[in-house]
Structure formats: structure tokens, C-alpha cells
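**Student:** Requesting a structural model of the entry that follows:
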Amino acid sequence: MMKIRFDSSKERSPTQEQGLKVLYAPGKRVAFRLRWYLILFLVASPFVWFFAKLIYGAWVIEAPAQLILPVVEIRARDAARVEHLAVKDGDTVKAGQLLLQMDNPEWRQRLGQLQALTAGAERSVAPAGSGLRNVLVRQLDRAREKLATVQRLRQDGAATQGEALAAASERDQRESELLAFDQREESLRLQPPATRDNAMQKAEEVWLNGRLQALRLQAQENAVVSDVVVNEGENVGSGTVLMRLQRTADPMVLIFLDPVDAAYAKPGQPLKLQLPDGHWLPAKVVNAADRVRRLPEDLRMPFAGAQNALLVSAAVDGEVPPGWLVNQLPLKARFPHDLSRLWR
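**Tutor:** Presented below is the predicted three-dimensional model:
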């Protein structure tokens with residue numbers, strides 16, 4: 001019977017070849033083994049990545065988030081002319097800082113007439129309050145025309161309900177101002193002629209000074225100027241948007257949470273927010289998820305399709321570093337581990 005052997009002299013003596021010693025044989029065997037290990041690792045790497053991602057996702061709950069700075073619109077209360085712009089796009093302003101200075105030539109002219117009368121100049125032929133009343137009447141007429149235009153556009157679908165309500169509110173305000181002026185004049189007519197005229201002039205002068213002072217617009221709180229929509233020397237009407245500010249106080253965070261992690265979307269739930277530089281900030285959930293929104297394009301993971309996520313509002317505990325107070329800044333939210341959920 002013939003005996004078959006599956007070993008050879010080369011396997012028993014890998015460093016010998018026909019009686020000669022091969023010096024490079026050990027190194028060649030190591031390189032051959034390492035090459036196979038590398039091939040095995042490359043073939044198994046997708047499976048390793050998949051299981052590592054699965055374990056990491058079960059242990060760590062993360063979700064994309066955005067830092068939101070509320071936008072405040074600064075609008076003109078009265079028709080005026082922009083005299084000076086004190087800020088530009090991107091400027092950081094503090095509470096009380098001047099934003100822009102406007103002026104109303106009609107009010108300024110009437111104020112000069114009243115000051116001349118007070119100093120003993122020749123009295124105007126027109127009654128003391130007629131000039132101001134004409135201005136108020138013109139403002140009321142423009143407000144009514146604006147309301148009619150907005151209502152017509154609303155019927156055509158070119159204006160919103162909010163714009164119609166704003167125009168109606170402006171009309172009511174102008175009517176209230178004219179009514180208050182007429183009531184004040186009526187009460188002054190009951191006084192003696194000399195006293196009545198002086199009182200009317202003084203009341204009108206005080207009113208004009210107050211309205212001119214109101215044309216100096218200042219920041220009500222710390223903010224960032226996101227958009228200046230007017231230029232110096234431009235005439236603006238009542239209700240015109242002058243600029244937009246992004247509030248830096250108490251910024252909100254919107255978290256796009258996976259629906260399977262809805263248990264974490266409860267008010268008071270603590271979490272951490274990671275800034276782009278890797279720094280972590282403590283935060284907590286403010287409102288429970290009440291709506292679903294598609295994940296923004298810039299927050300989607302590579303090769304991920306369109307996703308719908310629960311929209312959760314959170315607030316930062318403390319202050320956000322000034323350099324990161326940027327509207328729609330991408331963040332990463334990480335929730336604490338829930339061992340009971342991991343066990344399930």
C-alpha cells in the first residue's frame with residue numbers, strides 16, 4: 001500500500017532549498033502572512049464597522065442640532081428720512097447703542113415755527129395747532145390707503161393676513177392720535193384766549209419733541225445686526241423694515257431627534273451640546289416634541305436619504321461663547337445613557 005504524506009521537506013525546513021540555506025526565507029514568510037492578514041482585515045472591515053456602529057448607537061444617543069438666534073425686525077413708526085446709519089451688517093450691538101437716526105422735515109419745520117412764536121416772533125395766520133393737525137390727517141389718509149391696498153392684495157392672494165392686521169393696526173393708531181389731538185384742542189378752547197394759545201403751542205411743541213426723539217432708534221438688548229435694508233438719505237414710510245437683529249440673549253437650540261428615541265424628548269431632560277471646536281455645553285430640553293420636520297441638508301450624514309425627525313427645543317445652561325453665537329450653527333446633541341433602554 002502506498003502511503004500519502006501531506007508534508008514536504010520545504011515545510012519541515014523552510015530555510016533550506018536543495019541543501020542550501022536561504023537567508024531571506026524567514027522574512028518572506030512574515031511578509032506573506034502580513035499580506036493575508038491585511039486582505040482579511042479589508043474584507044471584514046465593513047462588518048466590523050456595521051457592528052461597531054450598532055453597538056455605539058445603542059450605547060450613545062446622539063442627534064444633530066442647530067443653534068437658533070431669534071430675529072427681531074426694526075420698523076419705522078412714522079414716515080421719516082434716514083439721516084445716519086450707525087451700524088452695518090454683522091456688527092454686534094449692546095443694549096442702548098444707537099442703530100440709526102431719522103428725521104422728519106415737516107415736524108422739524110413746525111417745531112421751528114413754535115419756537116419762534118414762543119420767542120415773540122410774528123404769529124402765524126394759521127391757528128397754532130393747524131399745522132400738526134394737517135400732518136396727522138395726512139398720516140391717517142395714507143394709513144387708510146395702505147389698508148385698502150393690503151386688503152385688495154389679500155383678496156388676490158398677494159398679501160398675508162398678518163400684513164392686513166398690521167395695516168389695520170396702523171390705521172387705528174393714526175385715528176387714535178388724531179382723536180387725542182382734537183380732544184386736547186377742545187379742552188384748551190375752554191381756557192382764556194391767551195392762555196389757550198400758549199398752552200396749545202406748548203403742548204404741540206412737547207409732542208413734536210417727543211416724536212422727533214423717537215426717530216432716534218437704539219438697541220433694546222444685546223444683538224447682532226443680520227441685515228440693514230435701508231440707506232442714508234432714503235425716505236421711508238410708516239411700518240417700513242429698517243434692519244433685522246439677531247438676539248444673542250437666551251439662544252434656542254433645535255434638536256432633530258430620531259423618532260425611536262422619543263423617550264428622551266421630555267421637558268427637563270439633561271443633555272450635552274458639542275460645538276464645532278469640540279467643546280461641550282450643558283443643556284436641557286425645554287419643550288417636548290410636538291412636530292416632525294425633515295432633517296436639513298447640511299445636517300444629514302453622508303449617503304443618508306431624506307429623514308424625518310422629531311423637533312425638540314432645548315436651552316443652554318449658562319452662556320454660549322461669543323464666537324459661536326451664529327444663527328443656524330450646526331451642533332451635536334448627546335443624551336445620557338439609559339441602561340434600561342440598552343438592556344431592552
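**Student:** drop to CA atoms for contacts and neighbour counts, all remaining ones
**Tutor:** Fine.
**Student:** Can you report how many residues neighbour Gln155?
**Tutor:** For Gln155, the count of nearby residues is 10 (other Cα atoms under 10 Å).
**Student:** And the one 10 residues further on, by the same measure?
**Tutor:** The number of residues packed around Leu165, counting by other Cα under 10 Å, is 14.
**Student:** repeat for Glu145
**Tutor:** Around Glu145 there are 14 residues (other Cα under 10 Å).
**Student:** Quick check: which element contains it?
**Tutor:** Per DSSP states H and E: Glu145 is located in helix 130-156.
**Student:** so what does that helix touch, helix or strand wise?
**Tutor:** helix 105-118, helix 161-189 (3 or more Cα pairs under 8 Å, 6 or more residues apart in numbering; DSSP states H and E).
**Student:** mind giving me TSV with those helices and columns for distance to Arg144 and mean pLDDT?
**Tutor:** As requested, those are exported to TSV (distance: least, Cα to Cα, whole Å; pLDDT from 0 to 100):
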stretch	distance to Arg144	mean pLDDT
helix 105-118	20	81
helix 161-189	6	81
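**Student:** any idea how far Val229 is from Arg291?
**Tutor:** Computed as Cα to Cα, to the nearest Å, the Val229 to Arg291 distance reads 33 Å.
**Student:** neighbour-wise, which of those two wins?
**Tutor:** In this view Val229 and Arg291 are compared by other Cα under 10 Å, and Val229 has more residues nearby, 12 against 9.
**Student:** And the more buried one, what's its pLDDT?
**Tutor:** Here, the pLDDT recorded for Val229 equals 91.
**Student:** re earlier: could you point out which of the helices and strands packed on helix 130-156 sits nearest Pro336?
**Tutor:** Of all those, it is helix 161-189 that lies closest to Pro336, at 42.1 Å by Cα to Cα.
**Student:** Give me the buried positions along the closest one.
**Tutor:** 164, 167-168, 170-171, 174-175, 177-178, 181, 185, 188 (16 or more other Cα atoms under 10 Å).
**Student:** State the mean pLDDT of the helix or strand just after it.
**Tutor:** Scanning forward in sequence from helix 161-189 by DSSP H and E, the next helix or strand is helix 193-214. Averaging pLDDT along helix 193-214 yields 76.
**Student:** Equivalent analysis for stretch 327-338, please.
**Tutor:** For stretch 327-338, the mean pLDDT works out to 84.
**Student:** Can I get it in CSV, CA atoms only?
**Tutor:** This file holds the C-alpha atoms of stretch 327-338, laid out as CSV (Å, rounded to 0.1, in the frame of the first residue of the first chain):
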residue,chain,number,x,y,z
ASN,A,327,-27.6,81.6,13.7
GLN,A,328,-28.2,78.0,12.4
LEU,A,329,-24.8,76.9,13.8
PRO,A,330,-24.6,73.1,13.4
LEU,A,331,-24.3,71.3,16.8
LYS,A,332,-24.3,67.7,18.1
ALA,A,333,-26.6,66.8,20.9
ARG,A,334,-25.7,63.8,23.2
PHE,A,335,-28.2,62.4,25.7
PRO,A,336,-27.1,60.5,28.8
HIS,A,337,-27.1,56.7,28.7
ASP,A,338,-30.3,54.9,29.6
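**Student:** Contacts for it next, please.
**Tutor:** With Cα atoms under 8 Å, 6 or more residues apart in numbering as the contact definition, stretch 327-338 has outside contacts at 59-69, 246, 255, 264, 270-276, 299.
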